[in-house]
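Q: sequence plus predicted model, see below.
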Number of protein chains: 2
Amino acid sequence: MKDNLVLNAAGREVVTEINGVPAVPYQGVGKFRPEGRKAAPPVPTCADYPADGNKVVADLRTALMKAGLRDGMTISTHHHFRNGDLVANRIFDAAAELGVKDLRWFPSAAFPCHEPLIRHLDSGVIHHIEGSMNGPLGDYASAGKMRGLGVLRSHGGRYQAVQDGEVHIDIAVIAAPTSDPFGNCNGVNGPSACGGLGFALADSQYADRVIVVTDNLVPYPCVPWQLMGNNVDSVVVVDKVGDPEKIVSGTTNITKSPDRLLIAELTARFVEAAGILRDGFSFQAGAGGTALSFALFLRDMMRAKNIRARFVRGGSTQYLVDMLNEGLTDYILDGQTFDLAGVRSMRDNPNHIHTNPFVSYNYHNKGNIASMIDVVVLGATEVDVHFNANVVTHSDGRLLHGIGGWQNCLFSKCTILPIPSFRDRIPVIVDEVTTLCGPGELIDVIVTERGIAINPLRQDLIDRTKNSGLPLRTIESLKDEIESICGGAPEKPRFRDNPIAAIKWVDGTVIDIVRQLQ
Amino acid sequence: MKDNLVLNAAGREVVTEINGVPAVPYQGVGKFRPEGRKAAPPVPTCADYPADGNKVVADLRTALMKAGLRDGMTISTHHHFRNGDLVANRIFDAAAELGVKDLRWFPSAAFPCHEPLIRHLDSGVIHHIEGSMNGPLGDYASAGKMRGLGVLRSHGGRYQAVQDGEVHIDIAVIAAPTSDPFGNCNGVNGPSACGGLGFALADSQYADRVIVVTDNLVPYPCVPWQLMGNNVDSVVVVDKVGDPEKIVSGTTNITKSPDRLLIAELTARFVEAAGILRDGFSFQAGAGGTALSFALFLRDMMRAKNIRARFVRGGSTQYLVDMLNEGLTDYILDGQTFDLAGVRSMRDNPNHIHTNPFVSYNYHNKGNIASMIDVVVLGATEVDVHFNANVVTHSDGRLLHGIGGWQNCLFSKCTILPIPSFRDRIPVIVDEVTTLCGPGELIDVIVTERGIAINPLRQDLIDRTKNSGLPLRTIESLKDEIESICGGAPEKPRFRDNPIAAIKWVDGTVIDIVRQLQ
């Protein structure tokens, strides 16, 4: 065992300290007991804010100076604009101009559009990133170039970390498609409309200082006020907060691959066979091509059997919106909209409900939506024979993806991973995942184009589907077949000893680490 | 000066300790500087709550026991059912059955329907009340019968006290017209619909334990979720949470008194003359007969001049709802609905916005709605020649009313008190108010049937209305005329030395005390 590493309850070597602060190793699902009280921001007074409610300042630089920006602070942003975000880079450009160093960037997720920030990581303006690092920034971290340890959290884990005081946000910068001068803001109106702003809720509630940046200033009150101006210090008006064409996810088309279509159909048939498809049920499916296709197969079954869901969870798309409008579900409970149909529906349909990670995912809560959902379908980069799964690294060991709501969704009543059995001739089912993101005890079913493996812990699902005619198999036999096709198990990535990122579990403990690539 | 009393910045003798806890004397408007961070509830974990989201327990007694009810705790309730509340009394009946003593009741307001609680005050189940005491409970306190010191706060001050940790709520009991088993709840649906539930927001956010009591349980999700089930520990289903006939305020009819109609008309004409009545303006008027009549005069002027408000603040009534539907205002920002038309409109009209004291009134905030409103009309039991006003005691010294949002509303751009010059032949304009609730520097205009007095601090209003033809006078000349009609100044109430209640200012400092009557 290396210095400062311990084995956690999942048998993974993890750090006991992250960037100088003690960290708790993962203790098992539901085992870690939080103590104490939630974090809280300073008590402000109306005496310090303009009585007329006008908090508009000249520009982002002014707002940052007014917020007391200085070395070592934590700056947060949200990712509702996804790869079309035009604000995060400007924050650190302004910080660089002001000569500020060693900032911690705490985005809810980073995208390829944030590659320009590598310059500020190299120059010392940014010390390290805590947040999902999709693409180039993950690659940068994997190469061992980031000074601090990266920290990846689920959407719920990010809320939990802020709420519990693990991450203290000094300045939150919230890009908003529409705001009033007081800072009430939403994502459903304006030229850069992106839907909800829920990923910034914790930031608005807990940060010492909150800056709203908008390209669509409206007279008070901005309604709906998805985020409250009462938490906002300054409002900045810019030409453009996001690139609408890139705001919409690129993954909102159904798959055309015959294998993926088969996987989606098998998944839907499994849901039906397991007795989950009944009046008043609920489901969540992401925006990936397979998940969308699954939703369409499910929709057809619902029509055929005259079944109506109580709610479906978004990521919303045209497909979910159509189901709502067709009366196939009472509600969409939506964490982020993936296309413009989703944005419009959230704006106009009172049964398309804006949610946030507090409501849906925060594990240090008096319950949340995730555990109430009847069935959820999720992706994975790897799954092992114990049903453990990985979503952040590829089999080559590179950190290329964030966790998103993935860990949180594992708490649903039935968690299904519909995945291809191999990608680029590299098996997806392995002996041991490169990075552990979700413990196998929470993952119930693996669906591949070669068959379906049910977790032996879910005898109830095995019993209910045994006479279904579905291609049920053990996960070991699936793995053996895949390896025989691909010419053996995938080569293990070669790592150096030093960790470059910690993977947090939903309760703030460390479930795994990612190491630097050789 | 008596023991433990000091003179505050308004020249009133006040306590420096309230029920054993140090209290800060009033220091002037905007002068007190809060320190430290907001309060925060304990960090919970989903591991302690049912995964299926069903938190329903057998009855209120079970929920209270589960919440750990014990001697000396603080129990909070809200007053959205006003005089039709059927829950608060049952809480203390249950506590009495369980043999619990010395509770602090922290309602957002108490009404005559709570008179049965006198039994529990006498027996020791309740130690004292902190909250508006309308009617019998105020009378009980005035007679010196309550063991602890009462504390009266404005709606915003109540939020501030909870937020700042001045009042720690052990158990919040939230009566809800509709709830799901998870505790998401609202006031717009169900047989006991009362409109909003905003007065219970602080309770739901900050209490250690939260119990929702409902008579209309619906499947998850209860939408809109005015209060979040994620903050709720238990849900209790009862036959009836409120008496619908008494939920609606009894004061929602326009006045028929010729004097009051004149006052209302003069108030509206003053608003017009002062240049406040312009496109995009905002106003707030309560539900009293004079205030409603004012709103109707204003409405007629708006129609005549083709003026549209940006928002009006409710207490909503049929009259405000009609204005919204007629297009005379873009929005109603509503803190509580006063009639069923208000309830229906809040439920069905997306431009009828549910607000709460955090948004509208909390002074320890980064701004709030109150200071943005162009003109507000309010009542008073007394006003003195320095424009100081009283809303809690009558001229006979009895504590009979709560503060409500009154103190908070004084921060509007123009605060007008339309009041009769005398009641029961007792002058309303006096040399010195019996109890100081609002400092004169925030009260701009007094309108009586005998003329209008503008606060000399508001030279701008004096200038703008001097050629209006309105009956403008000094407050001293008004007072002299009223006294000559009534046969002199009112007799001063005779008090004992001992305080029976403290009056808090919006920032948590003590602006005055109420003493026991002789």
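A: Done, it's in.
Q: all contacts plus neighbour counts: C-alpha atoms, from now on.
A: OK.
Q: show me the shaky parts of the stretch 301-450 of chain A.
A: Applying pLDDT under 70 to the stretch 301-450 of chain A picks out no residues at all.
Q: next up, the contacts around whichever residue of it sits closest to chain B.
A: The minimum distance from the stretch 301-450 of chain A to chain B, using C-alpha to the nearest C-alpha, falls at A:H364 (4.1 Å). When contacts are counted by C-alpha atoms under 8 Å, 6 or more residues apart in numbering or on different chains, A:H364 touches A:P34, A:Q160, A:D507, B:V43, B:P44, B:T45, B:C46.
Q: residue contacts, the third one?
A: Pointing back at A:D507 there. By C-alpha under 8 Å, 6+ apart, the contact list for A:D507 reads A:F32, A:G157, A:Q160, A:Y363, A:H364.
Q: chain center to stretch A:220-236, what's the gap?
A: Relative to its parent chain, stretch A:220-236 has a centroid offset of 24 Å by C-alpha atoms, centre = their mean, to the nearest Å.
Q: quick one, helices of the stretch 1-150 of chain A?
A: For the stretch 1-150 of chain A, the helices defined by DSSP state H, counting those that start in this stretch cover A:60-66, A:88-97, A:118-123, A:136-142.
Q: so what secondary structure elements neighbour the third one?
A: Meaning helix A:118-123. helix A:88-97, strand A:126-129 (3 or more C-alpha pairs under 8 Å, 6 or more residues apart in numbering or on different chains; DSSP states H and E).
Q: pLDDT below threshold where in the stretch 101-250 of chain A?
A: Across the stretch 101-250 of chain A, the ranges flagged by pLDDT under 70 are A:249-250.
Q: nearest to chain B: which residue in it?
A: For the stretch 101-250 of chain A, C-alpha to the nearest C-alpha, closest residue to chain B: A:N230, 5.0 Å.
Q: can you list the residues of the stretch 151-300 of chain A near chain B?
A: By the rule C-alpha under 8 Å from any C-alpha of the partner chain, the part of the stretch 151-300 of chain A lying against chain B is A:D164, A:V223, A:M228, A:G229, A:N230, A:N231, A:V232, A:D233.
Q: most neighbours among the residues you listed, please name it.
A: The most crowded member of those, judged by other C-alpha atoms under 10 Å in any protein chain shown, is A:G229 (32 neighbours).
Q: isn't it up against A:N186?
A: No. Contact criterion C-alpha atoms under 8 Å: A:G229 and A:N186 do not qualify, at 10.6 Å.
Q: which neighbours do these two share?
A: Here A:G229 and A:N186 share no contacting residue, scored by C-alpha under 8 Å, 6+ apart.
Q: deepest-packed of the helices and strands packed on helix A:118-123, please.
A: Most buried of those, by mean neighbour count (mean count of other C-alpha atoms under 10 Å in any protein chain shown): strand A:126-129, with a mean of 26.
Q: neighbouring contacts of that one?
A: The contact list for strand A:126-129 (C-alpha under 8 Å, 6+ apart) reads A:72, A:92, A:101-107, A:120-121, A:146-151.
Q: can you do 10 Å?
A: With contact meaning C-alpha atoms under 10 Å, 6 or more residues apart in numbering or on different chains, strand A:126-129 is reached by A:19, A:71-76, A:92, A:95-96, A:100-107, A:109-110, A:117-121, A:137-138, A:141, A:145-152, A:501.
Q: so what's A:V188 closest to, chain neighbours aside?
A: For A:V188, ignoring the flanking residues on the chain, the nearest one in space by C-alpha to C-alpha, 6 or more residues apart in numbering or on different chains is A:G195 at 4.6 Å.
Q: what of A:R303?
A: Here the nearest residue to A:R303 in space, its sequence neighbours aside, is A:L328; by C-alpha to C-alpha, 6+ apart that works out to 7.6 Å.
Q: and for A:L410?
A: A:L442 (5.7 Å).
Q: pretty sure that neighbour sits against A:N388.
A: Yes. A:L442 is within contact range of A:N388, at 8.5 Å (criterion: C-alpha atoms under 10 Å).
Q: what's the closest of the contacts of A:D507 to B:V212?
A: The closest of the contacts of A:D507 to B:V212 turns out to be A:H364 (C-alpha to C-alpha; 19.9 Å).
Q: contacting residues around the residue positioned nearest the centre of chain A?
A: When chain A is reduced to its mean C-alpha position, the nearest residue by C-alpha atoms, centre = their mean turns out to be A:G404, at 1.5 Å. Taking C-alpha under 10 Å, 6+ apart, we find A:G404 in contact with A:108-109, A:131-132, A:152-158, A:391-392.
Q: please repeat the previous calculation with a cut-off of 6 Å.
A: A:G404 sits next to A:S154, A:H155 when contact means C-alpha atoms under 6 Å, 6 or more residues apart in numbering or on different chains.
Q: wasn't it part of a helix?
A: No. Judged by DSSP: H, G, I helix; E, B strand; the rest coil, A:G404 forms no part of a helix; its state is coil.
Q: if we can go back for a sec, distance to B:A453 for the helices of the stretch 1-150 of chain A - can I get that in TSV?
A: Below are those laid out as TSV (distance: least, C-alpha to C-alpha, whole Å):
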stretch	distance to B:A453
helix A:60-66	42
helix A:88-97	52
helix A:118-123	62
helix A:136-142	67
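Q: indicate which one of those helices is closest to A:A273.
A: Nearest to A:A273 among these is helix A:136-142; the distance by C-alpha to C-alpha comes to 39.7 Å.
Q: residues making contact with that closest one?
A: By C-alpha under 6 Å, 6+ apart, the list of residues contacting helix A:136-142 reads A:P112, A:E115, A:R398, A:L399, A:L400, A:Q516, A:L517.
Q: just send the residues you listed back as a markdown table, with distance to B:V241 too.
A: Shown next, in a markdown table, are those (distance: C-alpha to C-alpha, whole Å):
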| residue | distance to B:V241 |
| --- | --- |
| A:P112 | 54 |
| A:E115 | 57 |
| A:R398 | 58 |
| A:L399 | 54 |
| A:L400 | 53 |
| A:Q516 | 61 |
| A:L517 | 63 |
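Q: from those, which is closest to B:T355?
A: B:T355 lies nearest to A:P112 out of those, by C-alpha to C-alpha, at 39.4 Å.
Q: next up, the contacts around that closest one.
A: A:G135, A:P136.
Q: apply 10 Å and report the result again.
A: For A:P112, the contact set (C-alpha under 10 Å, 6+ apart) comprises A:R82, A:N83, A:G84, A:D85, A:M133, A:N134, A:G135, A:P136, A:L137, A:G138.
Q: surely A:G84 touches A:F111?
A: Yes. Counting by C-alpha under 10 Å, A:G84 touches A:F111, with 8.7 Å between them.
Q: returning to that earlier point: looking at it, the residue nearest to A:V188 is touching A:F81, isn't it?
A: Yes. Between A:G195 and A:F81 a contact is recorded at 9.3 Å, counting by C-alpha under 10 Å.
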